[in-house]
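Asker: Generate coordinates for the sequence data below:
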Amino acid sequence: MSDTLYERFIAASGTTDAVYGARFFAQTITVGNTGANEKHLITSVKLLLRRVGSPGWFTIGIRAVDVVTGLPTGANLTTGTMDGDTLPLFSTLTEITITPYKLILGGRYAITIECPDCPGGGDILEVFRGNVSGYGGGSWCYSTDSGATWGTNLGRDYTFYEYGTQILARFTAEQSNETKLSGTQENL
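Answerer: From the prediction side, this is the model:
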């Protein structure tokens, strides 16, 4: 089964934000806001990224979102990594594969961008964001303490694409003189 595009937002114009050290960024999303509202396994994200100097390896994480504050909370539920030194010097739509993780119908999650070993200065990872808000299912968030606490700016959103595979119901089949479906649906 090929991956399906679920949530997405494309910023028409904007600027870049530097990710390095304890400075993390995130885009919160809601399953079903711009894509199908169905449980699925997230498998990758695409972001507009570029490098300055040699930032080294970075992590894309998926975190839960606090239902009261709307901010990322807790540790990463799943991650994907990439060598930032392989990124081009200009913003390019880059796909990062993530270890599959189940997202639920209407669930709120955060796509985090982390480069904790990047020293900053001349060696940073930059992510493109819009100067205005346009994605109705979440917001742009920032942390200056490695994700321990988060703030938000409701006037900005990142360009992002979230891909996954649909979780299909599984049934057990019992064979007799006729092929018939019996058993129970398994929850994944």
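Asker: When you work out contacts or count neighbours from here on, use the C-alpha atoms and nothing else.
Answerer: Will do.
Asker: Grab the nearest non-local neighbour of Thr34.
Answerer: Leaving aside its chain neighbours, Thr34 sits nearest to Glu7 (5.3 Å; criterion: C-alpha to C-alpha, 6 or more residues apart in numbering).
Asker: any idea which element that neighbour lies in?
Answerer: Using DSSP states H and E, Glu7 maps to strand 4-9.
Asker: List the buried residues in whichever helix or strand comes after that strand.
Answerer: Where DSSP H and E defines the elements, the next helix or strand beyond strand 4-9 is strand 14-19. For strand 14-19, a neighbour-count test (16 or more other C-alpha atoms under 10 Å) marks Thr16, Asp17, Ala18, Val19 as buried.
Asker: ok so, going back, can I get the strand holding Glu7 in CSV, CA atoms only?
Answerer: What follows is strand 4-9 as a C-alpha-only set of coordinates in CSV (Å, rounded to 0.1, in the frame of the first residue of the first chain):
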residue,chain,number,x,y,z
THR,A,4,-1.4,8.8,1.5
LEU,A,5,-1.1,12.5,2.0
TYR,A,6,-3.1,13.4,5.1
GLU,A,7,-2.5,16.8,6.8
ARG,A,8,-0.8,19.6,4.9
PHE,A,9,-0.3,23.4,4.7
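Asker: Rank the helices and strands of the protein by mean pLDDT and give me the bottom one.
Answerer: Within the chain, no helix or strand scores below strand 179-181, which has a mean of 34 by mean pLDDT, DSSP states H and E.
Asker: residues touching the closest residue to Gly35 other than its chain neighbours, list them.
Answerer: Leaving out its chain neighbours, the residue that sits closest to Gly35 by C-alpha to C-alpha, 6+ apart is Tyr6, at 4.4 Å. Contacts for Tyr6 (C-alpha atoms under 8 Å, 6 or more residues apart in numbering) come out as Val31, Gly32, Thr34, Gly35, Ala36, Tyr161, Glu162, Tyr163, Gly164.
Asker: would you say Asp85 is within a helix?
Answerer: Yes. Assessed by DSSP: H, G, I helix; E, B strand; the rest coil, Asp85 belongs to a helix.
Asker: With Trp140 as the reference, measure out to it.
Answerer: Applying C-alpha to C-alpha, to the nearest Å, the value for Asp85 to Trp140 is 25 Å.
Asker: Check Val45 too.
Answerer: Using C-alpha to C-alpha, we find Val45 at a distance of 16 Å from Trp140.
Asker: Now for Trp57, how many residues are close by?
Answerer: Residues near Trp57, counting by other C-alpha atoms under 10 Å, number 17.
Asker: Could you pull up the residues touching the nearest residue to it once chain neighbours are set aside?
Answerer: In space, and not counting its chain neighbours, Trp57 is closest to Asp83: 4.2 Å by C-alpha to C-alpha, 6+ apart. Contact analysis of Asp83 by C-alpha under 8 Å, 6+ apart lists Gly56, Trp57, Phe58.
Asker: Great, nothing more from me.
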